[in-house]
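>>> I need the structure of the sequence given here:
(3 chains)
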Amino acid sequence: MFQKSKTVMASLAATVALTTSVMAAGHAKLEGDLVIFSDMSNPAPRAVMEGMVERFGALHPDLNIELTVIDREAYKTQIRNFLTANTPDVANWYAANRMKPYVDAGLFEDISDVWAEPELADLASTKGAMTLDGKQWGVPYTYYQWGVYYRADIYNELGLNEPATFEEMKSNCQAILDSGRKCYTIGTKFLWTAGGWFDYLNMRTNGYDYHAKLTGGEIAWTDDGVKATFANWRELIDMGAFIDNHTAYSWQESLPFIVSGDAAAILKGNFAVPPLREAGLDDSKLDFYQFPAITDGVALAEDAPTDTFHIPSGAKNKDAAKAFLKFVVSAENQTLINNGDNLGQLPVNAKSSVDDDKFLKEGFEMLSSNSPGGVAQFFDRDAPAEMAKVAMEGFQEFMVKPDNLDKILARLDRAAKRIYK
Amino acid sequence: MSSSTKAATQSSWYKRNEIAVTPWLFLLPGVAMFLLYVIFPIFQSINVSFYEWDGLGEAEWVGLGNYEELYWDDAFYVSLRNNLIWLVLYLLAIPAGLFIALFLNQTVSGIRLYKSLFFFPFVISQVVVGLVFTWFYDPTFGLLNQFLGVFGINPINVLGDERYVTYGIIAAGIWPQTAYCMILYLTGLNAVDPEQIEAARLDGAKGWRMLWHIIIPQLKPATFIAFVVTIIGALRSFDLISIMTNGGPFGESRVLSFYMFEVALSEYGFRMGYGASIAVVLFLIMLCFIAYFLYSMYQDDKGGR
Amino acid sequence: MFPTPIEKSSRSWQLTYQALLPAALVLWLLPLIAVAVFSIKPDSDFTTGNYWGLPTSFEFVENYGKVFFASDMPRYLLNSVLITVPTMLGCVVLSSMTGFALGVYKFRSNLWIFFMFVAGNFVPFQILMVPVRDLTLDMGLYNTKAGLVFFHIAFQTGFCTLFMRNFIRALPFDLIEVARVEGVAEWRIFWYVVLPLMKPALAAMAVLIFTFIWNDFFWAIVLTQGAESQPVTAGITSFNAQYRAAYHLMSAGSIVAALPPVAMFFLMQKHFIAGLTLGAVK
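Okay, the predicted model is just below:
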């Protein structure tokens, strides 16, 4: 308790320092328009985004902030468009390779100068994910663990424990299937959810380095290691571990299956917790475990995607944009927006406190101490966008028609040869 | 003095040529806009299809490279196949529209309202139609599967199964298209010559024979228009696919128009040249029909005034 | 009349027909009726699996209130109006002129220009997409309502010219001849003789254009983004993302988005059908 209030005090102090330095850096009051495009379209993130705009606006009353929230899936296809054409001053995006095309095309502003300021030293842990070519291209605002969220009450009823190995995972699953339920719910309509399964199966089967080389184009998709990953995946598919008809659902539409108890678990990022709680799964019913080990001796590695803000190079009000970015990453704001009432995710600022929430604490612990293999962003952020699209389409096809594996891998290999050339 | 003569000759030149010049003045704004936004872009697209271009940097000439890649691209053939399925099945809207028109071509009270309500689906945007049908097909609660469940049939995941998905979307598209054809035929039926019908009745024709030999030939103009709008509708199918499946599962419901958009303007795409080459193929398919339509209209025009 | 008028058939068939009509209608509109029912259901009906039963409570105000007061829908609707109405006016102006030129005057390239309009009107959108997007960008009109309006006017001029030209051709040509003999200037013939006669056609065309443009989705996502300029067809996807899996709200939103053309259709039914079926009878 004392610890916590101390961090809050520290963060408050930091905020005061930050706000004053923002004022100083801007030399004068911020004026004009600040156009923000955001992909935080789900209800909780949307409220967070609107709240940030409101609070930032209150600090800078002369600034006219225009916020446009775009559907998260549609945003992915629009960003390229608006970065070239109708550039906002601030835009959401994702870290690592996912921002590479825009960095390479000169569409994101180099904001190394912002990172050079002392208060951003507290963001050191995520600096790597924001760095390309030795420069920083944006700031993170949140990150979150991935893992298996499961129905504790169902596990108790069947006398199951959190699995530590793939064997246990499968035997648990068999017990769940025998009780007339499905083991995992998933909605693959927008493809990327299948990417999460591939990430974990591949990182557990072949390790983080192998996975990084695969997404980086250094290992062929027809490699035996990849095939071993798919063989493990196939065991689950052949058991009938996943819900039927998952191709028809978005991830949101796949949640009712775990809420109703027709499925016992979901592999997902921590952003799934707020809607699941909303739907009535309290902490006695919902719990979390780290994806179990598969190959002995392969160090555990995790997916922990970082969501970000960037300044497009065509931005008109870069001063205000930089001030906004600094506001976003400030310790106080980070504590606030990532707490359980808001995003329910992990703050990027070391001076912020992780909310007193069981999933956040567990996730934070897992990422800081039990992920020796490394931390990946996510399949569609680590692999180039075009490759990610083709590959995730292949994953979806594999989940429905595992017999097509050879055809799929050959196709991915052909695509990789073109994309990574 | 001299300026006024000039003005006089000018106005008289205009007066003399008024009938020749006026149409061009009237055409100018419309033709200019149309050339700028429709005709030139067609040629620009054809040109772009010979380049590799990401829409930002320099375009690189690749000759027929994009077309060669199309030749090896499985997704292209899937799209092409689906386009053909669309073309063939969409035409079912024509007989379906005729059937409903025949059903409604009565004079009972309130029939006007019925006709309007039957026409309803056509007025609604395809986006909404797509949403409505997505729920209709939903494998857990969709009305379709509730209905099949009554007969003990297991739920069919229409939009998530590569075998059914295209047909499912086409069915959603045929719904408003049938309404369109229906209204065309209702108008056509109004104009059918009653004397011919009476004459045929006296000859003992009725039912199917009457329909086939007397009515349908007289509905030829309506059928022609129905054919034109249905073909165009089939080749323009984009909204429904985008809303209902986003091309999935694993790209099995793509058609050329959707694939082109995906390649050229999505996060994963921005391959303008490759997209343009897909558009050119689609254009060439359409061109066959356009040529046929224009030919028919030309024949018509010669017959008329 | 075909088929045989119902009054002339047996009493039992008459009754069957009367019963069949509403049944067929309900079946035909079933998906829409379902959505209408969805839109007044409470949230709890969906969590308890009461998808197709009667609503347990009537939440019309609550659901539609959310659509109008807790989302960007009003802005999208306004954008749609601001895109549709100028397009309608632009098309009416341009095509009454082109239609007049092609319908009244005989000159050598007349038919070719006419065919250019018709052919262009049938072209797949995708072949125009890349260049039109670039053009709009170059003019600085990307992501503006004006950018969409200009394109729509230009493209719809193809269809409208076809429409107006055929209509004008069916007008009595003598009127124009008489006016010419009297020495009336050509533009005055257009304004005082032809235009008044075109009124019904213009009304029909305007209603059609309204529906086409209101329902456009493709160009909306190619040329605009975000609530400041996108029409409601594109906005509905953002709305749905905000309320994904909240079927009652998505239904209410869809109905709101679909309503204006429906209202237009019922108000202007005669013109609408006259427009659509032009040429369906000879």
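
>>> please count neighbours and contacts with C-alpha atoms only from this point.
Fine.

>>> show me which residues of the stretch 51-200 of chain B sit near chain C.
With C-alpha under 8 Å from any C-alpha of the partner chain as the criterion, the stretch 51-200 of chain B meets chain C at residues B:102, B:105-108, B:114, B:116-118, B:120-121, B:123-128, B:132-133, B:136, B:141, B:143, B:183-185, B:187-192, B:194, B:197.

>>> do the same with the stretch 1-150 of chain A
Residues of the stretch 1-150 of chain A lying close to chain C (C-alpha under 8 Å from any C-alpha) are A:41-43, A:68-72, A:74, A:78, A:82, A:85-86.

>>> go again using 6 Å as the cut-off
A:41, A:42, A:43, A:68, A:70, A:71 (C-alpha under 6 Å from any C-alpha of the partner chain).

>>> farthest pair within those?
A:43 and A:68 (14.3 Å; C-alpha to C-alpha).

>>> neighbour count winner among these two?
Neighbour tally, residue A:43 and residue A:68, criterion other C-alpha atoms under 10 Å in any protein chain shown: the higher count belongs to residue A:68, 21 against 16.

>>> which SSE is residue A:266 in?
strand A:263-269 (DSSP states H and E).

>>> so residue A:290 touches residue A:146, yeah?
No: the pair residue A:290 / residue A:146 is not scored as a contact, 8.0 Å apart, by C-alpha atoms under 6 Å.

>>> what's residue A:93 sitting at in phi/psi?
phi -170, psi -160 (degrees, to the nearest 10).

>>> and it, how far from residue A:270?
Distance, residue A:93 to residue A:270, using C-alpha to C-alpha, to the nearest Å: 18 Å.

>>> same deal with residue A:346?
Applying C-alpha to C-alpha, the value for residue A:346 to residue A:270 is 9 Å.

>>> quick one: which of the residues of the stretch 1-150 of chain A next to chain C sit in strands?
If you go by DSSP state E, the residues of the stretch 1-150 of chain A next to chain C have residue A:68 in strands.

>>> now the residues of the stretch 1-150 of chain A next to chain C in CSV, with pLDDT?
Formatted as CSV, the residues of the stretch 1-150 of chain A next to chain C follow (pLDDT from 0 to 100):
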residue, pLDDT
A:41, 82
A:42, 81
A:43, 81
A:68, 86
A:70, 83
A:71, 79
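
>>> which of the residues of the stretch 1-150 of chain A next to chain C fall in helices?
residue A:43 (DSSP state H).

>>> name the helix or strand for residue 168, please.
You didn't pick a chain, so chain A it is. Counting by DSSP H and E, residue A:168 is part of helix A:166-178.

>>> that's the other chain; I wanted chain C
Assigned by DSSP H and E, residue C:168 falls in helix C:145-169.

>>> with residue B:242 instead?
helix B:239-244.

>>> quick one: residues in contact with that helix.
B:130, B:134 (C-alpha atoms under 6 Å, 6 or more residues apart in numbering or on different chains).

>>> helix, strand or coil for the closest residue to residue B:157 other than its chain neighbours?
The shortest distance from residue B:157 to any non-neighbouring residue, by C-alpha to C-alpha, 6 or more residues apart in numbering or on different chains, is to residue B:139 (5.1 Å). Classification of residue B:139 using DSSP: H, G, I helix; E, B strand; the rest coil returns coil.

>>> and residue B:139, what are its phi and psi?
phi -70, psi -20.

>>> interface residues of the stretch 51-200 of chain C facing chain B?
Counting by C-alpha under 6 Å from any C-alpha, the stretch 51-200 of chain C sits next to chain B at C:94, C:97, C:98, C:101, C:126, C:127, C:128, C:131, C:154.

>>> before we move on, the earlier item: the more surrounded of residue A:346 and residue A:270?
It is residue A:346, of residue A:346 and residue A:270, that has more neighbours when counted by other C-alpha under 10 Å, with 28 against 23.

>>> just the terminal-to-terminal distance for stretch A:200-218.
Chord length of stretch A:200-218, first to last residue, is 19 Å (C-alpha to C-alpha).

>>> give me the mean pLDDT for it.
The average pLDDT for stretch A:200-218 rounds to 94.

>>> what's the strand or helix carrying residue B:99 in contact with?
Taking DSSP H and E as the definition, residue B:99 sits inside helix B:93-104. Under the contact criterion C-alpha under 6 Å, 6+ apart, helix B:93-104 has outside partners B:174, B:177, B:178, B:181, B:182, B:185, B:186.

>>> let's see it at 8 Å
B:111, B:114-115, B:174-175, B:177-183, B:185-186, B:223, B:226-227, B:230, C:2-3 (C-alpha atoms under 8 Å, 6 or more residues apart in numbering or on different chains).

>>> restrict it to CA atoms and write it as PDB.
Taking C-alpha atoms only, helix B:93-104 is exported to PDB below (Å, rounded to 0.1, in the frame of the first residue of the first chain):
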ATOM      1  CA  ALA B  93     -33.200 -12.500 -60.800                       C
ATOM      2  CA  ILE B  94     -34.800 -12.100 -64.200                       C
ATOM      3  CA  PRO B  95     -37.200 -15.100 -64.100                       C
ATOM      4  CA  ALA B  96     -37.700 -14.600 -60.400                       C
ATOM      5  CA  GLY B  97     -38.700 -11.000 -61.000                       C
ATOM      6  CA  LEU B  98     -41.100 -12.000 -63.800                       C
ATOM      7  CA  PHE B  99     -42.700 -14.600 -61.600                       C
ATOM      8  CA  ILE B 100     -43.400 -12.100 -58.800                       C
ATOM      9  CA  ALA B 101     -44.600  -9.600 -61.300                       C
ATOM     10  CA  LEU B 102     -47.100 -12.100 -62.700                       C
ATOM     11  CA  PHE B 103     -48.100 -12.900 -59.200                       C
ATOM     12  CA  LEU B 104     -48.800  -9.300 -58.400                       C
END
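
>>> just how off-centre is that helix within its chain?
The chain centre lies 19 Å from the centre of helix B:93-104; the measure is C-alpha atoms, centre = their mean, to the nearest Å.
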